[in-house]
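>>> quick one, what's the 3D model for this:
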Amino acid sequence: MKTLLLIVTLMLAAGGLLYGDPARIASMQQTVASMAKHVTEALHTHAASVNTSSSANLTTGSIRAVEIERRNGIEFAVKAKINNVQAPMVVDTGATSVTLTWE
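Here you go, the predicted model:
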């Protein structure tokens, strides 16, 4: 989401710099349209690849999206692997952020 916002901001800034030259504005509109199409296709592909059948799914090609099922009807827990070390984790859904320490 942050990346998409950055791209839109950069495109708006570029459009502002090109203001007044109709040929450049038309070229920028085509560039923005093709980029938006590419992003939309990537999002559709990613959404289609999400598999909800296992307890912790890491989608192919994505290291930031994980689906974790509730265990025992109480907690969201998973066994993670960090630097080839198994680490049991519980997700606090009330937290505003989650931080991993070197420990």
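>>> in this protein, which helix is the longest?
Across the chain, the longest stretch assigned as helix under DSSP state H is helix 22-49.
>>> residue ranges for the helices of this structure, please.
Under DSSP H, the chain gives helices at 2-17, 22-49.
>>> still on that earlier bit, let me know the angle separating the longest helix of the chain from helix 2-17.
For helix 22-49 against helix 2-17, the angle by axes from the mean of the first three to the mean of the last three Cα atoms, to 10 degrees is 170 degrees.
>>> and the chain, split by domain according to the record?
Following automatic domain parsing, one gets these domains for the chain: 2-49, 56-91.
>>> with mean neighbour count added, can I get those in TSV?
Where C-beta positions appear, they are placed from N, C-alpha and C, glycine not excepted. Output for these, formatted as TSV (neighbours: other Cβ atoms under 10 Å):
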stretch	mean neighbour count
domain 2-49	11
domain 56-91	11
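>>> and these: which comes nearest T101?
For T101, the closest of these is domain 56-91, at 10.9 Å, according to Cβ to Cβ.
>>> now do M35 against P22, distance only.
Using Cβ to Cβ, to the nearest Å, M35 is found at 20 Å from P22.
>>> ignore the last one, T45
For T45 relative to P22 (Cβ to Cβ), the value is 35 Å.
>>> low-scoring stretches of this structure, by residue?
Scanning the chain for pLDDT under 70 picks out 1, 15-20, 46-66, 73, 93, 95-100, 102-103.
>>> repeat that with 50
Along the chain, segments meeting pLDDT under 50 span 51-59.
>>> still on that earlier bit, need the helices of the chain in CSV with distance to M89, can you?
Below are these laid out as CSV (distance: least, Cβ to Cβ, whole Å):
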stretch, distance to M89
helix 2-17, 24
helix 22-49, 23
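>>> show me the beta-bridge partners of the residue nearest to M89 when sequence neighbours are not counted.
Nearest residue to M89 in three dimensions, chain neighbours excluded: A80, at 5.1 Å (Cβ to Cβ, 6 or more residues apart in numbering). On the basis of DSSP bridges, A80 is bridged to A87.
>>> isn't A80 up against V90?
No: if you go by Cβ atoms under 8 Å, A80 and V90 don't touch, sitting 10.6 Å apart.
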